[in-house]
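Visitor: my questions concern the predicted model and sequence given below.
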Amino acid sequence: MSRPRRIAAAAAAALVALSLAACAPDPATEDYLNGENTGFVSSEFRVDEIPAAERGEPVEWAGVTEHGDELSSDDVAGDVVVVNFWYAACAPCVVEAPDLEAVWQEYQDEGVSFVGVNTYDQADTARAFAAENGVTYPSIIDVNTGDVKLAFAAATPIQATPTTLVLDREGRIAARIIGRIESPSILSTLIGDALAES
């Protein structure tokens, strides 16, 4: 390769490295860029609140938790429900787990339910993740059928992992967080807004 081509190639490589560094705002993203914890589909962080008049029909869902218990939309009817799509090897899911648990602890006695939907792991992996990360709310193991993900995908895109939805008391999607929750206060605000609705 000639010297000008080597210089041009080196300059291009440096530009790519700088661009990737600019896209690495947290350790989970840095791990991903370094080839670690790459088994998740990420997206830019985004929060969407959906006005009550624009919400679709209630989402009906059902599945079996990591402890073998059946859990469905009927079991949490009348609650504001937080649904978090995740799996154990997803680095942003690990990072946001303490924030989800903190908000769950804050609201669990106020007519709010939390449900994880594990889209990739079997029950033993989900139980180990919960124990290691102090997660106390249940997760549906959806890897074998995909039924829960499909039920929600009919109402809203579930393309990034993690994705967190807030359902109103009627079971309709009131808000969605795409990507890792950047602050527990964001989720708390969305839950508070849903609880305040008449």
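Guide: Cool, the structure landed.

Visitor: mean confidence for stretch 95-113?
Guide: Here stretch 95-113 scores 96 as its mean pLDDT.

Visitor: equivalent analysis for stretch 56-64, please.
Guide: 96.

Visitor: distance across it, terminal residue to terminal residue?
Guide: 25 Å (C-alpha to C-alpha, to the nearest Å).

Visitor: that stretch: which residues count as buried?
Guide: By 16 or more other C-beta atoms under 10 Å, the buried positions in stretch 56-64 come out as 58-59, 61, 63-64. For glycine as for every other residue, the C-beta is placed from the backbone atoms N, C-alpha and C.

Visitor: pretty sure Pro58 sits against Arg169.
Guide: No. Here Pro58 lies out of contact with Arg169, judged by C-beta atoms under 8 Å, at a distance of 9.7 Å.

Visitor: circling back: for the buried residues of stretch 56-64, which one is nearest Tyr87?
Guide: Taking C-beta to C-beta as the measure, Tyr87 lies nearest Gly63 of the buried residues of stretch 56-64, at 14.4 Å.

Visitor: and the closest one, which of the three is it?
Guide: strand (DSSP: H, G, I helix; E, B strand; the rest coil).

Visitor: which residue packs closest to it, ignoring adjacent ones?
Guide: Using C-beta to C-beta, 6 or more residues apart in numbering and skipping the chain neighbours, the partner closest in space to Gly63 is Ile140 (3.5 Å).

Visitor: next: Val47.
Guide: Using C-beta to C-beta, 6+ apart and skipping residues adjacent in sequence, the residue nearest Val47 is Ile177, 5.3 Å away.

Visitor: tell me which stretches of the chain form strands.
Guide: Applying DSSP state E to the chain gives strands spanning 46-49, 62-64, 70-72, 80-86, 112-118, 139-141, 163-167, 173-178.

Visitor: now distance to Pro98 too, for those strands, in JSON lines please.
Guide: Putting those into JSON lines (distance: least, C-beta to C-beta, whole Å) gives the following:
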{"stretch": "strand 46-49", "distance to Pro98": "19"}
{"stretch": "strand 62-64", "distance to Pro98": "24"}
{"stretch": "strand 70-72", "distance to Pro98": "23"}
{"stretch": "strand 80-86", "distance to Pro98": "13"}
{"stretch": "strand 112-118", "distance to Pro98": "13"}
{"stretch": "strand 139-141", "distance to Pro98": "16"}
{"stretch": "strand 163-167", "distance to Pro98": "14"}
{"stretch": "strand 173-178", "distance to Pro98": "16"}
